[in-house]
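# Structure, please.
(chains A and B)
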Amino acid sequence: MTETQTLVGFSKQALEALSHINGEPEWMLARRLEAWHVYNETPLPGDKDELWRRTSLQGLKLDTVVPFVADDPKWTPARLPEEFRGLAKSRQAAGALIMHNGRSATAQLKPEYRDRGVILCDMNTALREHPDLVREHFMTRAVSLAENRYARHVNAQGVTEHQGYSDTIGDLKFASLHGAFWNGGTFLYVPRNVVIEQPINTLTYFDAPEVGIFSHSLIILEQGASVRLIEDLESAANEAQRFGSRAVELILRPNSDLQYFNLQDWAQNVWDFTSQTAILERNTNLVWLAGMLGSAVTKAFLDSRIEGSGANVRMLGFFFGDKEQHFDQHTFQNHIHPNGKSDLLYKGALKDKAYSAFRGLIRINPDAQRSDAYQQNRNLLLSNRAHADSIPELEIEANDVRCTHGATVGPIEEAAVFYLMARGIPRPEAERLFTEGFFDELISKVPLQVVQDRLFHVIRQKIVGL
Amino acid sequence: MANDLEIHDLHVEVEGKEILRGINLTVNKGEVHAVMGPNGSGKSTLANTLLGHPHYVVTQGDILYKGNSVLELKPDERARAGMFLAFQYPHSVSGVTVANFLRTALNAKRKERMNGDFKPIPIPEFRKLMREKMKLLKLDESFATRYLNEGFSGGEKKRTEILQMAVLEPEIAILDETDSGLDIDGVRIVSQGVNSLQGPNLGILIITHYQRILNYIKPNFVHVLVKGKIAVEGGPELAHKLEEQGYDWVIKQVTE
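Alright, predicted model coming up:
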């Protein structure tokens, strides 16, 4: 078999070919095969599955997916469509990484950080050059296939340990497919006590038709490290469906500080499945923005695990659907250790026939005393054909905790629109102003101006229907 | 020359119920008119209808602005033409600052005036304008960055309405119960604000239940609205008579 041959569909043979062209060590091939085994043992979730009944997989075509393509040595970032060229090239950035079709990558990092041991590269390179770091952290702690985090747990004595959801496969089907076929993605390692003030940007871009998205972001902060990372995900619109199963793993060692902005802006032919997990050790701080702007269908599982005392996470979600976009998001604030704080705010607007489901779970484990957990999900319906479901869930097993949640779904306020129009503002602009106002509560919590500007820009584009 | 605002035999329904039953009223620039009336006489219906609130349906008659009917115009088109309504209950808009809102409104108006070569108002010029007008209404500068009407006291809301009027410089301003919910100091500040805008380029229509605000803003004409019709008209002395004797005598007159 030549390396340029294009395989279609998922098979053991395709998996081995991928591992081969990546020049992977044996242990990674073994992990891929293990994940492939889990994938084959796990049924495709149907509408009887509690966590999947809001997202039908009927239109999904798995057998036409091209799992990977060979490197395109002629490709350079200069070939990016103009609109995306600026994204990963900010002059103020400490580093930048550009990836194309899951492969060819250019990475830049300021020498002062490289000299201090910071690593920024794509995952395939990381596996070659830093195998020990990858081996320790890759799908071992965060997005792990070892257990189904969403399912009900009953111990050997028949006692229910976690309520969870009965009869669900959770994210196991697509996370295992990701584990088998992952390819490319961001690797960032920040050593002990290294503080990077300027943000690092990455751009992931896909344009080859039917090539699947299997990007894996692995972000590791050692003790006392601090960094901000903006990840932009873009793709060219093709006629054919594009499938994606991507993962994000954020590992925060004690006293580290991460701001992570993941902006999914795929073309609207993408079915985007994603599992993203943050591990927060003692006294860590994480601000985590999940932006859902693009894709035809998004099914996202976003977990924060408080695994050390005094950890603090702010989970922010921004989504704006138009046309027939379908977003289905699960968040999980999992307090395992005491004195943790999790504060979640997910806000979305839906236009045309767009749909959103939000299901947010807070679990306070018995040992997690003095936890603070907040959860708010707010949805703005900009059309009477748009729809949103919002379901908060609490599982509290400790007694000394503070926990609140709230959910709203509502249309644009006509009285407010009339008020704005009575001052001479035309209706489309009045609706834009109202929508920007709706998102302001969220955007004002985003600690980076460039990301704030980006989100306001998205609102304007979506409102006028670009 | 056409009148600036001419209301002609105006009939208005709300949810199928006729509230205004043939109003005739003319307001020109440089004049101050007061429309007074008891509760339920249709005062707020008149105010909202003039700006084209979709809830109020004109079934008969016309509203002419500078000689042209505005019935087919949307609220924003009426506003950009020069009409203004100070709301009785200004709506709050979360996440939108007073400054952002006013700049958007001002630019919408400039865009229409300047046609093709529209340029938004430069930020320093806008800031200066805001500061000047806020001072006039004794509003703290921090108001510019607060969310529109969110958490405002009754007095702050009414002053913000007049601030908008001061910035947008309408030609016909309708003040709907601008004195309601205000204490004496509040009425004085708001009235001083309105008076400072008075002049040959502004016509004012004050809608009020009580005569109190008319001690500060002197009307040239007083119209009394009862059961959807103008029952009595006169000069400023009519307001004093109502203050002393109440509305009963007018209502009686209408019933007979």
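# count of residues packed around the residue in chain B that chain A sits nearest to?
In chain B, the residue that lies nearest chain A is B:Gly95 (3.1 Å; CB to the nearest CB). Glycine gets a C-beta too; all of them are placed from N, C-alpha and C. B:Gly95 is flanked by 20 other residues according to other CB atoms under 10 Å in any protein chain shown.
# Confirm for me that it is in contact with A:Thr435.
No: applying CB atoms under 8 Å, one finds B:Gly95 not in contact with A:Thr435, separated by 9.1 Å.
# can you list the residues of chain B near chain A?
B:51, B:53-54, B:74-76, B:79-80, B:85, B:87, B:90-96, B:100-101, B:104-105, B:108-109, B:112, B:147, B:164, B:168 (CB under 8 Å from any CB of the partner chain).
# Can you tell me which of the residues you listed are buried?
Neighbour counting with 16 or more other CB atoms under 10 Å in any protein chain shown marks B:51, B:53, B:75-76, B:79-80, B:85, B:87, B:90-96, B:100-101, B:104-105, B:108-109, B:147, B:164, B:168 as buried within the residues of chain B next to chain A.
# which bits of the stretch 301-450 of chain A sit near chain B?
Going by CB under 8 Å from any CB, the residues of the stretch 301-450 of chain A near chain B are A:413-416, A:418-427, A:429-430, A:433-434, A:436-441.
# Can you tell me which of the residues you listed are buried?
A:413, A:416, A:418-426, A:429-430, A:433-434, A:436-440.
# Look at the residue of chain B closest to chain A and give its secondary structure.
strand (DSSP: H, G, I helix; E, B strand; the rest coil).
# who's in contact with it?
Applying CB atoms under 8 Å, 6 or more residues apart in numbering or on different chains, we find B:Gly95 in contact with A:436-441, B:147.
# Can I get these in TSV including pLDDT and secondary structure?
TSV is the format used below for the contacts of B:Gly95 (pLDDT from 0 to 100; DSSP: H, G, I helix; E, B strand; the rest coil):
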residue	pLDDT	secondary structure
A:Glu436	95	helix
A:Gly437	96	helix
A:Phe438	97	helix
A:Phe439	97	helix
A:Asp440	96	helix
A:Glu441	95	helix
B:Tyr147	96	strand
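# Dump those into TSV; add distance to A:Ala142 as well.
Below are the contacts of B:Gly95 laid out as TSV (distance: CB to CB, whole Å):
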residue	distance to A:Ala142
A:Glu436	34
A:Gly437	36
A:Phe438	32
A:Phe439	29
A:Asp440	32
A:Glu441	29
B:Tyr147	38
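# And the residue of the stretch 101-250 of chain A closest to chain B?
A:Ile230 (23.2 Å).
# to the chain's geometric centre, what's the distance from the helix or strand where that residue lies?
Secondary structure assignment for A:Ile230, by DSSP states H and E: strand A:226-235. In this view, strand A:226-235 has its centroid 11 Å away from the chain centroid, taken as CA atoms, centre = their mean, to the nearest Å.
# got it, and stretch A:197-210?
The chain centre lies 13 Å from the centre of stretch A:197-210; the measure is CA atoms, centre = their mean.
# Tell me which residues of that stretch come out buried.
Neighbour-count burial for stretch A:197-210 flags A:199-208, A:210 (criterion: 16+ other CB under 10 Å).
# Between which two of those is the distance greatest?
A:Pro199 and A:Glu210 (32.7 Å; CB to CB).
# now the strands for chain B?
Here chain B has its strands, by DSSP state E, at B:5-14, B:17-27, B:32-36, B:56-65, B:68-69, B:83-86, B:93-97, B:147-148, B:172-176, B:203-208, B:221-226, B:229-234.
# what mean pLDDT does the longest one have?
Going back to what we said before, that points to strand B:17-27. Averaged over strand B:17-27, pLDDT sits at 97.
# Name every strand pairing with that strand and say which way it goes.
strand B:5-14 (antiparallel) (DSSP bridges).
# Could you export the strands of chain B as JSON lines, including distance to A:Glu129?
What follows is those, written out as JSON lines (distance: least, CB to CB, whole Å):
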{"stretch": "strand B:5-14", "distance to A:Glu129": "74"}
{"stretch": "strand B:17-27", "distance to A:Glu129": "78"}
{"stretch": "strand B:32-36", "distance to A:Glu129": "81"}
{"stretch": "strand B:56-65", "distance to A:Glu129": "71"}
{"stretch": "strand B:68-69", "distance to A:Glu129": "75"}
{"stretch": "strand B:83-86", "distance to A:Glu129": "68"}
{"stretch": "strand B:93-97", "distance to A:Glu129": "46"}
{"stretch": "strand B:147-148", "distance to A:Glu129": "51"}
{"stretch": "strand B:172-176", "distance to A:Glu129": "71"}
{"stretch": "strand B:203-208", "distance to A:Glu129": "76"}
{"stretch": "strand B:221-226", "distance to A:Glu129": "83"}
{"stretch": "strand B:229-234", "distance to A:Glu129": "87"}
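# Most tightly packed of these?
strand B:83-86 (a mean of 27; mean count of other CB atoms under 10 Å in any protein chain shown).
# Check which helices and strands that one sits against.
helix B:43-50, helix B:154-168, strand B:172-176 (3 or more CB pairs under 8 Å, 6 or more residues apart in numbering or on different chains; DSSP states H and E).
# change it to 6 Å
On a contact count with 3 or more CB pairs under 6 Å, 6 or more residues apart in numbering or on different chains; DSSP states H and E, strand B:83-86 meets strand B:172-176.
# Contacts for the strand it packs on, please.
For strand B:172-176, contacts defined as CB atoms under 6 Å, 6 or more residues apart in numbering or on different chains pick out B:4-5, B:44, B:47, B:50, B:83-86, B:88, B:165, B:203-207.
# one more time with 8 Å, if that's ok
Contacts for strand B:172-176 (CB under 8 Å, 6+ apart): B:4-5, B:27, B:29, B:43-44, B:47-48, B:50-51, B:65, B:82-88, B:165, B:194, B:197, B:202-208.
# quick one: contacts for residue 102?
Using chain A. Contact criterion CB under 8 Å, 6+ apart gives A:68-69, A:183-185, A:206, A:211-215 as the residues in contact with A:Gly102.
# not quite, I wanted chain B
B:126, B:130, B:163-164, B:167-168.
# redo that, cut-off 6 Å
B:Val167 are the contacts of B:Leu102 under CB under 6 Å, 6+ apart.
# Over to A:Asn22?
A:Asn124 are the contacts of A:Asn22 under CB under 6 Å, 6+ apart.
# Having no further points to raise, I will conclude here.
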